[in-house]
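1. Just a sequence and a predicted model for now, questions to come.
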Amino acid sequence: MPQRNSLISRLVDEVVGEHARFLEFFESYEQRAPDSIADFVAGNPQEMPLPGFVAALAKWTTPTSKDHFAYKQNDPEARAAIQRSLARKRGLRVDLDDIFMTTGAFGALSIAMRVLCDPGDEVIYLSPPWFFYRGMIRTNGATPVRVPVDERTWDIPIEKIDAAITAQTRAIIVNSPCNPTGRMYTRDNLDALARVLEKGSQRVGHRIYLVSDEAYSRILFDGLRFISPVDSYPHSLLIYTYGKQLLTPGERIGYIALPAAMPVGDRTAFRDAVTMTEILLGWMWPNAVLQYSVPELEELSIDIAHLQRKRDRVVKGLRDAGYELNVPDGTFYVLVRSPWADMDAFVEHLATQRVLVLPGSTFEMPKHFRISVTASDTMIERALPVFAAAIKEPVRA
């Protein structure tokens with residue numbers, strides 16, 4: 001058993017150990033990325049940002065009063081813009097007092113875990129997951145409970161969720177469309193999950209909440225309309241970030257929203273709890289300039305049609321070369337099965353050819369790797385011959 005690092009807390013030391021592969025990979029990635037011909041690792045911009053985003057920040061950098069840069073919690077105009085957008089685009093009713101501005105989805109998830117969970121509580125997450133769910137659950141004092149999705153359909157396995165619910169279950173995280181599978185869950189699948197959560201709550205004697213990570217809800221392909229878990233289960237915390245629709249992950253702004261269908265007593269209790277948690281976690285509200293910009297940001301988006309064309313080019317190129325992969329409904333990502341049994345060795349082989357992808361060991365899929373189609377068209381065209389040549393290499397166990 002590895003010895004504990006006595007300089008840091010036991011909990012953080014354990015989380016560092018769990019994410020050692022991730023840390024090792026990204027240390028190597030940072031060294032190689034500037035010299036790569038194709039960077040498919042993360043959902044990072046590879047082209048200049050939207051002019052409208054730059055204009056909004058420039059506009060609101062100019063102060064309009066002495067309080068322009070004062071302490072900022074939930075800007076009223078930002079809340080109102082979000083309320084209007086959810087009603088117009090989603091038909092979802094949310095009270096202004098139930099919208100909480102956060103430092104992106106990262107901040108929102110941390111706040112949700114801290115508000116919902118005591119030490120010893122359990123949070124169910126679907127696997128393969130976004131790679132920080134497990135660590136965030138752990139560092140906020142709860143116990144992560146892994147439930148693998150159905151790899152034939154990538155849907156939520158309802159019976160396995162039911163079996164995973166215990167007296168300690170406090171919440172479940174659902175990410176739709178899902179990073180890394182790209183799957184958007186169907187209404188039937190989400191309705192079935194809602195029934196299980198309702199029955200499970202009655203069985204264990206307390207409410208089980210659904211944390212709905214909707215970071216990619218506006219990154220959808222093939223004319224699909226977003227299907228939200230919140231519409232199936234009102235006891236949900238909706239989490240959103242603008243970093244995906246704008247492709248600006250370095251500008252941390254998002255929110256938590258509680259649907260009006262949630263009982264008013266629950267929503268009232270959450271209001272003070274979320275506010276105090278945001279303060280005590282280190283003032284987790286976005287900076288003032290970003291909040292002032294929300295009405296403009298709500299109307300902006302990267303070119304989804306262009307993103308879909310890049311998805312289609314990657315899918316066709318890899319399939320023509322002989323790869324097995326999942327065609328995503330949304331998100332930035334394509335999940336690909338490694339042609340070698342040793343996926344890490346295959347990822348390293350691609351890196352020697354200056355093509356960088358994310359190994360599946362970082363998100364509990366050791367036989368797969370992930371490609372981000374935020375890569376430029378030029379990167380994609382340069383990389384496809386590398387992928388085609390790599391699959392012809394002798395298979396390595």
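-> Good, I have the coordinates.
2. Tell me, please, the helix or strand in the chain that averages the lowest pLDDT.
-> When each helix and strand of the chain is scored by mean pLDDT, DSSP states H and E, helix 20-32 comes last, with a mean of 83.
3. Just the buried residues of that one, please?
-> Neighbour counts over helix 20-32 (16 or more other CB atoms under 10 Å) mark 22, 25-26, 29 as buried. The C-beta positions use only the backbone N, C-alpha and C, and glycine is treated the same way.
4. which helices and strands sit right next to it?
-> strand 358-359 (3 or more CB pairs under 8 Å, 6 or more residues apart in numbering; DSSP states H and E).
5. which other helices and strands contact the strand it packs on?
-> Packed against strand 358-359 by the contact rule (3+ CB pairs under 8 Å, 6+ apart) you find helix 20-32, helix 343-352, strand 368-372.
6. will you turn these into CSV that also has distance to residue 198?
-> CSV is the format used below for the helices and strands packed on strand 358-359 (distance: least, CB to CB, whole Å):
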stretch, distance to residue 198
helix 20-32, 35
helix 343-352, 39
strand 368-372, 33
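7. mind checking which of the ones you listed is nearest residue 149?
-> With CB to CB as the measure, strand 368-372 is the member of the helices and strands packed on strand 358-359 nearest residue 149 (12.8 Å).
8. Just give me how far that closest one sits from the chain centre.
-> How far strand 368-372 lies from its chain's middle: 15 Å, per CA atoms, centre = their mean, to the nearest Å.
9. ok, back up a step: nearest to residue 116, out of the helices and strands packed on strand 358-359?
-> helix 20-32 (24.7 Å).
10. Which parts of this structure are helices?
-> 10-18, 20-32, 51-61, 76-85, 104-116, 133-139, 158-164, 187-204, 264-280, 288-292, 294-297, 304-321, 343-352, 377-390 (DSSP state H).
11. Tell me which residues touch the residue nearest the centre of the chain, please.
-> Nearest to the mean C-alpha position of the chain, by CA atoms, centre = their mean, lies residue 215 at 5.3 Å. Contact analysis of residue 215 by CB atoms under 8 Å, 6 or more residues apart in numbering lists 105, 175, 179, 239-241, 243-244, 254.
12. From those residues, which land in strands?
-> Among the contacts of residue 215, the residues falling in strands (DSSP state E) are 175, 239-241, 254.
13. Dump the residues you listed into a markdown table; add neighbour count, distance to residue 100 and pLDDT as well.
-> Shown next, in a markdown table, are the ones in strands among the contacts of residue 215 (neighbours: other CB atoms under 10 Å; distance: CB to CB, whole Å; pLDDT from 0 to 100):
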| residue | neighbour count | distance to residue 100 | pLDDT |
| --- | --- | --- | --- |
| 175 | 25 | 19 | 98 |
| 239 | 25 | 10 | 98 |
| 240 | 26 | 11 | 98 |
| 241 | 27 | 13 | 98 |
| 254 | 25 | 10 | 98 |
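14. quick one: which of the residues you listed is nearest residue 384?
-> Ranked by distance to residue 384 (CB to CB), the ones in strands among the contacts of residue 215 are led by residue 175 at 28.4 Å.
15. Show me the beta-bridge partners of that closest one.
-> Counting by DSSP bridges, residue 175 is bridged to residue 213.
16. so it makes contact with residue 126?
-> Yes: if you go by CB atoms under 8 Å, residue 175 and residue 126 touch, sitting 7.2 Å apart.
17. what comes into contact with the least confident helix or strand of the chain?
-> Contacts of helix 20-32 (CB under 8 Å, 6+ apart): 16, 41, 131, 351, 354, 356, 358-359, 361-362.
18. same question, stretch 261-271
-> With CB under 8 Å, 6+ apart as the criterion, stretch 261-271 contacts 93, 95, 97-98, 115, 207, 234-236, 258.
19. still on that earlier bit, looking at the contacts of helix 20-32, which is nearest residue 382?
-> Checking these against residue 382 by CB to CB gives residue 354 as the nearest, at 8.7 Å.
20. Give me the distance between the closest one and residue 313.
-> Distance of residue 354 to residue 313, computed by CB to CB, to the nearest Å: 19 Å.
21. Residue 384 now?
-> Using CB to CB, one obtains 8 Å as the distance from residue 384 to residue 313.
22. Look at these two and report which has more neighbours.
-> residue 384 (19 against 15; other CB atoms under 10 Å).
23. Let me see the contact set for that one.
-> Taking CB under 8 Å, 6+ apart, one finds 313-314, 317-318, 321 in contact with residue 384.
24. What's the per-residue pLDDT of residue 212 here?
-> At residue 212, the pLDDT value in this model is 98.
25. What is the burial count for it?
-> Using other CB under 10 Å, residue 212 has 27 neighbouring residues.
26. wait, it sits on residue 238?
-> Yes: judged on CB under 8 Å, residue 212 makes contact with residue 238 at a distance of 5.1 Å.
27. where do the contact lists of these two overlap?
-> Joint contacts of residue 212 and residue 238 (CB under 8 Å, 6+ apart) are 228, 230.
28. In stretch 334-352, which residues are buried?
-> For stretch 334-352, the neighbour count (16+ other CB under 10 Å) marks 334-336, 338-340, 343-344, 346-347, 349-351 as buried.
29. residue ranges with poor pLDDT in this protein?
-> Scanning the chain for pLDDT under 70 picks out the ranges 1-4, 6, 396-397.
30. how does it divide into domains?
-> Domains of the chain are assigned by automatic domain parsing as 10-49+303-390, 51-297.
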